[in-house]
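Peer 1: Kindly return the folded structure for what I paste below:
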Amino acid sequence: LPGVTVSRAGSNAGLTQVRIRGSEANHVLVLIDGVEANAASEGEFDFSNLSTEGIERIEVLRGPQSGLYGSKAIGGVIVITTRAGSGPLQLTAKAEGGSFDTHEESAAITGGTEDFNVAVSYAKREVNGFNIAPEGDEVDGSALETLNGRINGKLWENLSYGLIARRTDKHGERDDDRFLGTGLSVQEDTPSFFNSQSVLLGANAELSLLDGRWTHKVSVEHNDVTIDDTLVSSFGAFYFENNSIDKSATYSSTLRFDAPDMGATHYLTGLVERELEAHTQVTGDMIERGRATTSYAAEWRGEFADQLFLAATGRRDGSDVFGDFDTWRATASLAPTDSAFRLHASAGTGVKFPTLFEQFGEFSGFVPNPDLAPEEAFGWDTGVEVTLAEGRLVTDVTYFASDLESQIVPTGGFPSSVENLAGTSTREGIEVTMKALLTDDLTLSAAYTFLNAERPDGSAETRRPTHSARADLAWAFANGRGH
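Peer 2: Next comes the predicted model:
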């Protein structure tokens, strides 16, 4: 996708980060079936924990989204939805194998009706791996197990509910640095390894009134993540473990009302949320440290003659540690009838609280900083989408820019810590997408992103490629049976 980059450290189980428009990985909020998947301690979601088994779709929102989604959404939001059950009860199973002693097995049970459906899936992947050190022959393998379940149903025609449960267990092997005494280091074979376990639980209920024009939704979520690391190297052996818990309860209400004389439809949404985050350094002092945030948000959306679409959102986050922060977002899209052009723009602000690990975490060579201030951002974008040849060619060009204040960065050295940078960090760039139906069966799609991401001193941000692009050519044949 344009504006989206992925980086991975080490083996298949190594920390895998997704950045949007030059943001940090912990600036991206990840939701799985509506449940926040970011670990409270690290503030981000490690995508090496994500099995694609059972996923129905993934949607990406770019730019500051704190107005509706709160802290953690300063760079964008990734919404992951798993398949719901439907139709007769059925069992599916799959097995795969490949190089590096890779094998994966999965199974799923799905079925149901509109009034009640269930989907349960299990997947396990193991990779013996390969050696990433310049010397030695020890391979670094990985294993990932995922159990996912969804239940949806209706108690009455206007009252529905949903239950979500997901557990992920990961094991990974890695190497460590051997310091050369000159400020340099080299990777050497070591038997070091790490594990993580995450449990996501969610429940929601939605009441629809006034023939569907007024909806009320209540949801509760629980996110429990445990991470441990066993470091074995030439300078000793160490074990680290931390646990984080994120619990929240949310109530939202949306009212839709029409103005036929104006050809308009309006939506008003109100939201109140209470979130509790906690971090425990298991291999440290075993003291649970946490914080609470109470949030209020309101949003208006308007649709006018199926041509003009506007939205405005405001939010207040009240933290018992950092105080109150107000954020907002506004969007506009204009697609005149019988025009080939659609103009779109958005602007908004965001706030990102320091992660609990940055404030209180411990491991060899790292010192936490409990005095960190939240990061704050303002971002905007504008662009034009062009549709030609009766919809057979669609292109979009978007310019984006954002300013980040109080950016949290490592201090470097040994031991290292984290600090807020003075000044403004900038991100700006251009996103280009194109999709062309060359023939009835042949489709060409492409995306390109130019990105310039700098710190206040003008130095380039790491792991933010200046140029990124991809192209896809898809041919469907045999009346759609082949692809």
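
Peer 1: Setting the sequence-adjacent residues aside, check what's closest to R464.
Peer 2: Closest residue in space to R464, ignoring its immediate chain neighbours: A453 at 4.3 Å, by C-beta to C-beta, 6 or more residues apart in numbering. C-beta here means a position set from N, CA and C on the backbone, and glycine is covered the same way.

Peer 1: could you measure that neighbour against F238, distance?
Peer 2: Distance of A453 to F238, given as C-beta to C-beta, to the nearest Å: 34 Å.

Peer 1: out of those two, which sits in the busier spot?
Peer 2: Applying other C-beta atoms under 10 Å to A453 and F238 shows that A453 carries more neighbours, namely 22 against 15.

Peer 1: Now do the phi/psi pair for that one.
Peer 2: phi -120, psi 120 (degrees, to the nearest 10).

Peer 1: can I assume it is in contact with A460?
Peer 2: Yes - under the criterion of C-beta atoms under 8 Å, A453 makes contact with A460 at 6.8 Å.

Peer 1: Quick check: G67 vs S459, distance?
Peer 2: Distance from G67 to S459, by C-beta to C-beta: 30 Å.

Peer 1: tell me what the lowest-mean-pLDDT helix or strand in the chain is packed against?
Peer 2: In the chain, no helix or strand scores lower on mean pLDDT, DSSP states H and E than strand 176-179, which sits at a mean of 76. Under the contact definition 3 or more C-beta pairs under 8 Å, 6 or more residues apart in numbering; DSSP states H and E, strand 176-179 sits against strand 185-188, strand 214-233.

Peer 1: Quick check: neighbours of that strand in the sheet, parallel or antiparallel?
Peer 2: strand 185-188 (antiparallel) (DSSP bridges).

Peer 1: and the partner strand, average pLDDT?
Peer 2: For strand 185-188, mean pLDDT is 79.

Peer 1: And the next helix or strand past that strand?
Peer 2: Moving toward the C-terminus from strand 185-188, the next helix or strand (DSSP states H and E) is strand 193-209.

Peer 1: Can you give me the buried ones in that next one?
Peer 2: Within strand 193-209, the residues scored as buried using 16 or more other C-beta atoms under 10 Å are 193-204, 206, 208.

Peer 1: Is it possible to get TSV of these that adds pLDDT?
Peer 2: Converted to TSV, those look like this (pLDDT from 0 to 100):
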residue	pLDDT
F193	93
F194	94
N195	96
S196	96
Q197	97
S198	96
V199	97
L200	97
L201	98
G202	97
A203	98
N204	97
E206	97
S208	96
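
Peer 1: Please produce a markdown table containing these, extended by distance to T443.
Peer 2: Converted to a markdown table, the buried residues of strand 193-209 look like this (distance: C-beta to C-beta, whole Å):
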| residue | distance to T443 |
| --- | --- |
| F193 | 44 |
| F194 | 41 |
| N195 | 42 |
| S196 | 39 |
| Q197 | 41 |
| S198 | 37 |
| V199 | 40 |
| L200 | 35 |
| L201 | 40 |
| G202 | 36 |
| A203 | 40 |
| N204 | 37 |
| E206 | 37 |
| S208 | 38 |
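
Peer 1: now, the most widely separated pair of the residues you listed?
Peer 2: F193 and S208 (49.7 Å; C-beta to C-beta).

Peer 1: Mind listing the residues bridging to the closest residue to Y267 other than its chain neighbours?
Peer 2: Spatial nearest neighbour of Y267, chain neighbours left out: R301 (4.2 Å); criterion: C-beta to C-beta, 6+ apart. Taking DSSP bridges as the rule, R301 bridges to Y267, A311.

Peer 1: Kindly provide the distance from R301 to H216.
Peer 2: Counting by C-beta to C-beta, the gap from R301 to H216 is 17 Å.

Peer 1: So what sits opposite R470 in the bridge?
Peer 2: Under the criterion used (DSSP bridges), R470 bridges to A447.

Peer 1: residues in contact with the residue in the chain sticking out farthest from the centre?
Peer 2: Centroid-distance maximum for the chain: D261 at 40.9 Å, with C-alpha atoms, centre = their mean. With contact set as C-beta atoms under 8 Å, 6 or more residues apart in numbering, D261 has no partners.

Peer 1: Okay, helices next: where are they in the stretch 301-450 of the chain?
Peer 2: Secondary structure of the stretch 301-450 of the chain (DSSP state H, counting those that start in this stretch): helices at 356-360.

Peer 1: Walking through it, point out its strands one by one.
Peer 2: Counting by DSSP state E, counting those that start in this stretch, the stretch 301-450 of the chain has strands at residues 308-319, 323-334, 341-352, 375-388, 393-405, 408-410, 418-420, 424-437, 442-454.

Peer 1: the more surrounded of G67 and S459?
Peer 2: G67 (24 against 9).

Peer 1: State the mean pLDDT of the host helix or strand of the more buried one.
Peer 2: Using DSSP H and E, G67 falls within helix 66-69. When pLDDT is averaged along helix 66-69, the result is 82.

Peer 1: now do stretch 278-289
Peer 2: 93.

Peer 1: begin at 50 from here
Peer 2: Understood, numbering begins at 50; the last thing we discussed is stretch 327-338.

Peer 1: contacting residues for P419?
Peer 2: Contact analysis of P419 by C-beta under 8 Å, 6+ apart lists 408-409.

Peer 1: One more: V77?
Peer 2: 67-69, 93-94, 121-122, 124-127.

Peer 1: which stretches of this structure have low pLDDT?
Peer 2: Along the chain, segments meeting pLDDT under 70 span 230-232, 283.

Peer 1: quick revisit: among the contacts of V77, which are in strands?
Peer 2: 67-69, 125-127 (DSSP state E).

Peer 1: pretty sure M335 is in a strand, no?
Peer 2: No - counting by DSSP: H, G, I helix; E, B strand; the rest coil, M335 is not found in a strand; it is coil.

Peer 1: how close does it sit to E290?
Peer 2: 10 Å.

Peer 1: A518 too?
Peer 2: On the measure of C-beta to C-beta, A518 and E290 end up 41 Å apart.

Peer 1: between these two, which one's more packed in?
Peer 2: The neighbour count for A518 versus E290, taken as other C-beta under 10 Å, is higher for E290 (16 against 12).

Peer 1: give me the number of residues near A379?
Peer 2: 16.

Peer 1: Starting from E326, give me the distance back to the nearest residue to it once chain neighbours are set aside.
Peer 2: In this structure, A379 finds its nearest non-sequential neighbour in A361, 4.9 Å apart by C-beta to C-beta, 6+ apart. The gap separating A361 from E326 is 28 Å, by C-beta to C-beta.

Peer 1: Same check on R68?
Peer 2: From R68 to E326 the distance is 22 Å (C-beta to C-beta).
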